[in-house]
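Undergrad: compute the structure for the input listed below.
(2 chains)
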Amino acid sequence: MAKLYIYNTLTRKKEEFKPLGSEVGIYTCGPTVYDYAHIGNFRTYVFEDVLIRTLRYLGYKVKHVMNITDVGHLTTDDEFSGEDKMLVAARRERKSPWEIAKFYTEAFKRDMRSLNISEPTILAPATEHIQDMIEFIKRIERNGYAYMISLGLFLDTSKIPNYGILARLDLSKLKPGARLPVHPEKRNPWDFALWLKAPPEHIMQWDSPWGRGYPGWHIECSAISTKYLGEVFDIHCGGVDHIPVHHTNEIAQSQAAYGKIPANYWMHGEFLVIGDRRMGKSEGNIYTVEDLKKMGFTPLALRYFYFTAHYRTKLNFTLEALRGAQNALEKIYQHLRELPEPTGMPERYLNKFKQALCDDLNMPRVLAIVWEVIKDDSLSGGEKRALLEEFDKVLGLGFVSQKKVEVPDWVRELLTKREQLRRERRYAEADAIRERLRKEGWEVQDTPDGPRVRYVKVT
RNA sequence: GGCGGCGUAGCCAAGUGGUUAAGGCGGGGGUCUGCAAAAUCCCUAUUCCCCGGUUCGAAUCCGGGCGCCGCCUCCA
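TA: Here you go, the predicted structure:
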């Protein structure tokens, strides 16, 4: 098995990946389903998909767990005055929070499928794991890391060894209350809620040892990952924005409950930016997959576009660049439609491919290799197809479905007829046939060796 | 205020000390053609924000500027 090197945020180094057991456990932070996920969110999910596909390609068995946050996030980070996002969405759409969650979960799954993102082994909605969260919190409380204030139960971060190690936070230099006032009852500015008491207008609420209420913002990932992957698992992924707060606090919770950092490798996808600003709902500069479809883009063109930059660098989104990605992908498809059935694969390209993948998932380099294969005259058509289909196990760009199209008899007959007309210089009639074929998706090319047709998929 | 990152052609970007600075898109030109389309070939950064330094050798390392961005408890 080839050695896979991945960048670990915990150590800030590329490290050789060494799994804990026979099955690799991966946890990825999923969406909050109060609105559509945007293409910035999906950049991260596609990065995670590439990681998982790469592991499987290299021969690992992978168990992938993703949560669905269908409860409890607030509109602001102000834990004593913010509104619950689910409730805001429910009011906006005149639905119950559960209906909202269901609707946007389905939308999310649809977009995942259209981007060819492999399904997680387990997709876990938070609301179905309230009891697991309560048990997790009890453990934290039993170990003496929690305290009660009027808002609810909080975690005392001063008791956590190396709190903030993931983000390399230097607590002495951070500015408490830089953005928001610190609640006076909190023992330390960085302490965060494990369980919040529900105000009366809060629709989603559950009974707990700490009163009727709802779980804090980080506990679902701790509870769900522990339940399905164990106290310590292999890889934890998410967006870079999760490093300083969400993942930092997940680590704190696991330390409080089990005395351990829950994952060995922490990997984070960089932002999709637009005009040098991060794409975000609050910035008001988002595109959804649906938006792009309406503009005539295919979701896989977006997937290709994501691959033009490495996952740890910001990727600047422009419609021009996306169009470029779509054109490039369509060209690859055209090549594939003219390639015969796959034959053997030359080792040297296979090795190059693996090498690029194993170097911290270098997809831009993989794309360069794709083009190298397409343009390499020393390869047979069958070899090219074999390689491209092999690469597509990780790329997931739909290469396999682009098969050589046999020319039907009726097309051949029309071609013969057109050639006859051309010889007779009856060009208007010949052009009419060409136009008719084009409308059926058959593009005629007059080459020095006679006419050629090819099927141009209507997208 | 603190911490971190980035600045490579018109656009999106690889590259992290050593042959001609990946690749794609776009653009230009040639071939082909009744026209068209496609295909194909060639061209498109003597140079990597600027200024110094280290080195036989730097886009890559160091120092100093300039510009941009992110984070400091919502956020992929």
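
Undergrad: all helices of the stretch 151-300 of chain A, in order?
TA: A:219-229, A:248-258, A:289-294, A:299-307 (DSSP state H, counting those that start in this stretch).

Undergrad: tabulate those (TSV), appending mean pLDDT.
TA: Below are the helices of the stretch 151-300 of chain A laid out as TSV (pLDDT from 0 to 100):
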stretch	mean pLDDT
helix A:219-229	96
helix A:248-258	94
helix A:289-294	94
helix A:299-307	95
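
Undergrad: got CSV for these, with mean neighbour count too?
TA: For every residue, glycine as well, the C-beta is placed using N, CA and C. Putting these into CSV (neighbours: other CB atoms under 10 Å) gives the following:
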stretch, mean neighbour count
helix A:219-229, 25
helix A:248-258, 25
helix A:289-294, 15
helix A:299-307, 24
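
Undergrad: now render the ones you listed as JSON lines, adding distance to RNA strand B.
TA: Formatted as JSON lines, those follow (distance: least, CB to the nearest atom of the strand, whole Å):
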{"stretch": "helix A:219-229", "distance to RNA strand B": "10"}
{"stretch": "helix A:248-258", "distance to RNA strand B": "6"}
{"stretch": "helix A:289-294", "distance to RNA strand B": "14"}
{"stretch": "helix A:299-307", "distance to RNA strand B": "6"}
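
Undergrad: how about those in TSV, adding distance to residue A:129?
TA: Listed next are the helices of the stretch 151-300 of chain A as TSV, based on distance: least, CB to CB, whole Å:
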stretch	distance to residue A:129
helix A:219-229	5
helix A:248-258	14
helix A:289-294	27
helix A:299-307	30
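
Undergrad: torsion angles phi and psi at the residue nearest to residue A:69 when sequence neighbours are not counted?
TA: Closest residue to residue A:69 apart from its sequence neighbours, by CB to CB, 6 or more residues apart in numbering: residue A:32 at 4.2 Å. Phi and psi for residue A:32, reported as degrees, to the nearest 10, are phi -100, psi 120.

Undergrad: residue A:32: how many residues sit nearby?
TA: Neighbourhood size, residue A:32 [other CB atoms under 10 Å]: 23.

Undergrad: ok, now how distant is it from residue A:258?
TA: As for residue A:32, its distance to residue A:258 is 26 Å (criterion: CB to CB, to the nearest Å).

Undergrad: equivalent analysis for residue A:453, please.
TA: For residue A:453 relative to residue A:258 (CB to CB), the value is 65 Å.

Undergrad: where in the stretch 51-200 of chain A is pLDDT low?
TA: Within the stretch 51-200 of chain A, the segments meeting pLDDT under 70 span A:72-83, A:173-181.

Undergrad: quick one: the strands in it?
TA: Using DSSP state E, counting those that start in this stretch, the strands assigned to the stretch 51-200 of chain A run over residues A:61-68, A:122-125, A:146-149, A:152-155, A:192-197.

Undergrad: one more: the stretch 351-459 of chain A?
TA: Using DSSP E, counting those that start in this stretch, strands in the stretch 351-459 of chain A cover A:442-447, A:450-455.

Undergrad: note down every partner strand of the first one and its orientation.
TA: What that stands for is strand A:442-447. strand A:450-455 (antiparallel) (DSSP bridges).

Undergrad: would you put the C-alpha positions of the strand it pairs with in PDB?
TA: C-alpha atoms of strand A:450-455 as PDB (Å, rounded to 0.1, in the frame of the first residue of the first chain):
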ATOM      1  CA  GLY A 450     -13.700  12.000 -45.300                       C
ATOM      2  CA  PRO A 451     -16.600  12.900 -43.100                       C
ATOM      3  CA  ARG A 452     -16.600  12.000 -39.400                       C
ATOM      4  CA  VAL A 453     -19.400  12.300 -36.900                       C
ATOM      5  CA  ARG A 454     -19.500  12.300 -33.200                       C
ATOM      6  CA  TYR A 455     -22.100  12.400 -30.700                       C
END
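
Undergrad: what does that strand rub up against?
TA: Applying CB atoms under 8 Å, 6 or more residues apart in numbering, the contact partners of strand A:450-455 are A:334, A:337-338, A:405, A:407, A:411, A:415, A:418-419, A:437, A:441-446.

Undergrad: out of the strands of the stretch 51-200 of chain A, which comes closest to residue A:51?
TA: Of all the strands of the stretch 51-200 of chain A, it is strand A:61-68 that lies closest to residue A:51, at 9.1 Å by CB to CB.

Undergrad: the closest one near RNA strand B anywhere?
TA: No. Strand A:61-68 does not reach RNA strand B (CB under 7 Å from any atom of the strand); its nearest approach is 10.8 Å.

Undergrad: how does chain A divide into domains?
TA: Domain assignment for chain A, taken from automatic domain parsing, gives A:5-269, A:294-308+A:315-395, A:409-455.

Undergrad: switch the ones you listed over to CSV; also include distance to residue A:283.
TA: Converted to CSV, those look like this (distance: least, CB to CB, whole Å):
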stretch, distance to residue A:283
domain A:5-269, 10
domain A:294-308+A:315-395, 12
domain A:409-455, 41
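
Undergrad: can you check which of the ones you listed gets nearest to residue A:279?
TA: domain A:5-269 (3.8 Å).

Undergrad: measure the closest one end to end?
TA: End-to-end distance of domain A:5-269 (CA to CA, to the nearest Å): 16 Å.

Undergrad: enumerate the residues of the stretch 201-350 of chain A near RNA strand B.
TA: So the stretch 201-350 of chain A meets RNA strand B at A:217, A:238-242, A:244-246, A:249, A:269-273, A:276-280, A:282, A:305, A:308-310, A:313-316, A:318, A:320-321, A:323-325, A:327-328, A:331, A:334-335 (CB under 7 Å from any atom of the strand).
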